[in-house]
Each structure stands twice: as structure tokens, then as C-alpha cells.
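Trainee: sharing a sequence plus its predicted fold:
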Amino acid sequence: MWKFIHKFGSPPHLYRLSLLLTPWFGWAAAILITAGTLGGLYLAPPDYQQGEGFRIIYVHVPSASMSLFVYVNMAIAAAAGLIWRIKLAHAVAAAAAPIGASFTFLALATGSIWAKPMWGTWWVWDARLTSELVLLFLYFGYMALRAAIDDDNRADRASALLAIIGLVNIPIIKYSVEWWNTLHQPATISKMGKPAMDTDMLIWLLLNIFGFMCFFIAVLLIRTRSQVLKRSRDQKWLKQALGVA
Amino acid sequence: MPEFLEFGKHTAYVVSSFVLVMVVLAGNVIFARRQLNTLVNRTRQRLAAEDKS
């Protein structure tokens, strides 16, 4: 277990692994998102209440679930960096933040576009929407904090603490629709119990969720490679990796 | 508007959501790759300069 964790702390190993895995996840994301989007737009039947407007779910739910997933991963990586002093764990956390912020922005924007025809308003200060907005600010705060501190080690530690503290917001987002009386509908897919959607509709949503996950991993691998290059000073492996004679 | 982009009275909302998502996803890939390429070139130059000195 320790050997496995420390292997990921090696820049050459992570760089090579990233080079190898990026195309696989990239192509998987492209195929899954194309299939999920086309299926969601043209093959899924319209909702009996929301009509064609419900199709926004095929981009809104994957974005929203990824906004939480990325944050949890970012905080775990930051905690690993803090506890085991693995610098590359901080690099992974730093690489994940802009991707997570993009997903959170998309969840809020597509949710707002969906809310207009369904609720008659672009925005309400509902518990789910507000806590998701707090998540976006946490991502911005994390990135701003890193950018504000010149010393890499101090930036890693301070931003890791912020990421870990921000984890408190994740269960609030997840359970806000159960804890409070919100305008936002309850979870569409739950690990326990039957999903609130018909299989003809659900299949395309699942494809997009897995597609977004593969997309996240592919972009994370590219961004992690940038972080590795930024932090590495060892000439020998850098020369080999970049093909410098 | 082409027929394949019509979604009843919700066309504008559905199409704008999907377009926005695809633009942001594409932007993510473009920015990540551009940043990586810049760093690769900068690191190559640094290594070459260190070799000379």
C-alpha cells in the first residue's frame, strides 16, 4: 500500500503514466459524451410534465455530479499531500481545481437555464443552488490562494487546508434537498433504491455521467503533466521525457 | 432553424445549454493542452540553456 502510494509520488512515473492513459480516457470521453448527448437529445422520450425542456438534464446532472466528485478528489489529494508530504498529490489537487470550477459553473449555468422555463425565474436562493454557488467560490478561493503565495510549499499547505475545510460543504449540497424544503427536485439517481427515471431516459444520462468522468480524468492527466514539469528540476528524467538530446 | 435543433417551445433553453457545455468542455481541453505545450517548450529551452552553461 505504502509502496503504491509512494510510486505515485515519483514525477517520472506519473509523467509516463499520464502520457500512456490520456488518449484512452480522452477517446472514451469523446465516444461516451457523443452517444449520451445524441441519445439524450433525439432518442430519449420527452418528459410527460416538462416536455422537451427536460433534456437539459443530460448536461446538467453530469456537470453537477462532477462538480462534487472533483472537489472530493481534490480534497483527498490535498490531504494526502499534507499528511504524507507527497508533493505530486498537491500537484494533482492543483490540476483538478480549474476543471472542478468549470463543472460547477456549468451546473449553475445549465440549472439556471433550466429553471427559467420550469420555475419562471433564473435564480432562487434555494439551499441546493446556494450551496452549489458556495462550492464555486471554494474552487475560486483555492485557486486564488495558490496564485497569491509565491512559495510552492506554503501555497500547497495553505490551499490543502482550505480544500479540506471546504469538504464540509459537500454533504450540505448533497442532502440540501432532503434537509430543507427546496424548489430544487430531489436526486434523480440514488445509490439506494430505484432511480426516478425510466430506463429509456436513464441510459443516456449514465453514458454522459461516465463520459464526463473520463473527460475529467483525461484533462486532469494533461494538467498534472504541466504541474509535474513546473515543479521538476531533475535534468536526467526531464531530458528523457521531453526527448532533449 | 434546422429541424434537428427544434425542441418545441424550449428550443432556446435546450440548445443554449448543450452549446454552452460543449464550448466549456472544449475550452478545458484547449487551455490544458496549450499550457502543457508552453511548459514543454519552456522546459526544453531551460534544459538546453543549462547544458550550454
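Mentor: Happy to help now that I have it. Since this is a predicted model, take the numbers as computed values, not measurements.
Trainee: shaky segments in chain B?
Mentor: Within chain B, the stretches with pLDDT under 70 are B:1.
Trainee: for it, which segments are assigned as helices?
Mentor: B:11-52 (DSSP state H).
Trainee: enumerate the residues of chain B near chain A.
Mentor: Counting by C-beta under 8 Å from any C-beta of the partner chain, the residues of chain B close to chain A are B:4, B:7-11, B:13-14, B:16-18, B:20-21, B:24-25, B:27-29, B:31-33, B:35-36, B:39-40, B:43-44, B:47-48, B:50. Quick note: C-beta positions are derived from backbone N, CA and C, even for glycine.
Trainee: what residues are up against the most centrally placed residue in chain A?
Mentor: Central residue of chain A (C-alpha atoms, centre = their mean): residue A:70, 3.1 Å from the mean position. Residues in contact with residue A:70 (C-beta atoms under 8 Å, 6 or more residues apart in numbering or on different chains) are A:96, A:99, A:100, A:103, A:216.
Trainee: rerun that using 10 Å as the cut-off
Mentor: Going by C-beta atoms under 10 Å, 6 or more residues apart in numbering or on different chains, residue A:70 touches A:96-104, A:135, A:139, A:212-213, A:216, A:220.
Trainee: quick check: residue A:32 touching residue A:211?
Mentor: Yes: the pair residue A:32 / residue A:211 is scored as a contact, 3.1 Å apart, by C-beta atoms under 10 Å.
Trainee: what's the neighbour count on the nearest residue to residue A:106 once chain neighbours are set aside?
Mentor: Excluding its sequence neighbours, the residue lying closest to residue A:106 (C-beta to C-beta, 6 or more residues apart in numbering or on different chains) is residue A:63, at 3.9 Å. For residue A:63, the neighbour count with other C-beta atoms under 10 Å in any protein chain shown is 26.
Trainee: residue A:63 reaches residue B:22, doesn't it?
Mentor: No: in this structure, residue A:63 is not within contact of residue B:22 by C-beta under 10 Å, at 11.7 Å.
Trainee: which strand or helix spans the residue nearest to the centre of chain A?
Mentor: Using DSSP states H and E, residue A:70 sits in helix A:57-84.
Trainee: and that helix, average pLDDT?
Mentor: When pLDDT is averaged along helix A:57-84, the result is 96.
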